[in-house]
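**Q** okay, structure incoming, though there's no sequence with it:
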């Protein structure tokens, strides 16, 4: 391959990487943290991680119908200064956290609803983590 072909491939790869959405980045970060045993799911585990101040990121489902549940998680995130990301659907969050059955093609067949997930260890440094952390920095700067 010539130098121009290699340069063209590098530009194409960089363009694909830069177009990663925040939800795609969140999905990849959750999967990496699950593989490195840094993901806590459910109210009890999440509340313990937030209370111990070991949480680094919290995801809460907008479809959670228990008002007290959401108030508790929001209060613990505010107290521990943990970033909170709202996810539209609890079943989607459950699938991202590994609480789903997959078919032969790797598509989600049946997902268990998860209202809250907390990342205590990101695992390895990836581009998705960089995209997500940049989004969180912009979000916190906008709030101030």
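**A** Received it, and whenever you're ready, just let me know what you need. No experiment lies behind these values; they were computed from the predicted model shown.

**Q** from here on, just use CA atoms for contacts and neighbour counts.
**A** Fine.

**Q** where in the protein is the helix or strand with the lowest mean pLDDT?
**A** helix 3-18 (a mean of 45; mean pLDDT, DSSP states H and E).

**Q** let me see the contact set for residue 70.
**A** 60, 64 (Cα atoms under 8 Å, 6 or more residues apart in numbering).

**Q** in the helix or strand encompassing it, what counts as buried?
**A** Taking DSSP states H and E as the definition, residue 70 sits inside helix 67-80. Neighbour counts over helix 67-80 (16 or more other Cα atoms under 10 Å) mark 70, 73, 74, 76, 77, 80 as buried.

**Q** and stretch 94-113, by the same measure?
**A** Across stretch 94-113, burial judged by 16+ other Cα under 10 Å covers 94, 95, 96, 97, 98, 99, 100, 108, 111, 112, 113.

**Q** follow-up on the earlier one: just the closest of the buried residues of helix 67-80 to residue 129, please.
**A** residue 77 (19.5 Å; Cα to Cα).
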